[in-house]
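Colleague: Would you be able to build a 3D model of this:
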Amino acid sequence: MCRNIKTLFNFEPPATELEVRDASLQFVRKLSGFSVPSKANEAAFELAVEEVAATARRLIASLVTHAEPRNREVEANKARQRAAARLGAGHQA
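Modeller: Below you'll find the predicted structure:
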């Protein structure tokens, strides 16, 4: 499940709110063990997602780097190539 959490820092264009929320949702799912919480846990689950997202936004905003921003398409192509090498050349990632 955590493999789906993508690096969000130092990209051009910057990470979107949806990307931050999706990563936060995956993190809370992993910690809680729930893909979908029960009605009894739904409020706590959603609060956790919002708090993790807020913390992630603050973290990304406060990080400093001297490296050039990464290009999303270049990084996506690299990931596809790694997946193809790992899973076999005939697999489409």
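
Colleague: what sits against residue 76?
Modeller: Neighbouring residues of residue 76 by C-beta atoms under 8 Å, 6 or more residues apart in numbering: there are none. (Each C-beta comes from the backbone N, C-alpha and C, glycine too.)

Colleague: tell me the phi and psi of it?
Modeller: Here the main-chain torsion angles of residue 76 (degrees, to the nearest 10) amount to phi -60, psi -40.

Colleague: Equivalent analysis for residue 11, please.
Modeller: Reported as degrees, to the nearest 10, the phi and psi values for residue 11 are phi -120, psi 150.

Colleague: got a pLDDT number for it?
Modeller: Reading off the per-residue confidence, residue 11 sits at a pLDDT of 91.

Colleague: who does it bridge with?
Modeller: With DSSP bridges as the criterion, residue 11 is bridged to residue 70.

Colleague: and the gap between it and residue 58?
Modeller: 17 Å (C-beta to C-beta, to the nearest Å).

Colleague: And these two? Which one has more around it.
Modeller: More crowded of residue 11 and residue 58, by other C-beta atoms under 10 Å: residue 11, with 16 against 10.

Colleague: longest helix in the chain, by residue count?
Modeller: Under DSSP state H, the helix in the chain containing the largest number of residues is helix 39-62.

Colleague: Quick one: mean pLDDT over that one.
Modeller: Per-residue pLDDT values across helix 39-62 average out to 97.

Colleague: Let me see the residues that make contact with that helix.
Modeller: 8-9, 14-15, 20-21, 23-25, 27-28, 31-32, 34, 37.

Colleague: how about 7 Å then?
Modeller: Defining contact as C-beta atoms under 7 Å, 6 or more residues apart in numbering, one finds that helix 39-62 is touched by 8-9, 15, 20-21, 23-25, 27-28, 32, 34, 37.
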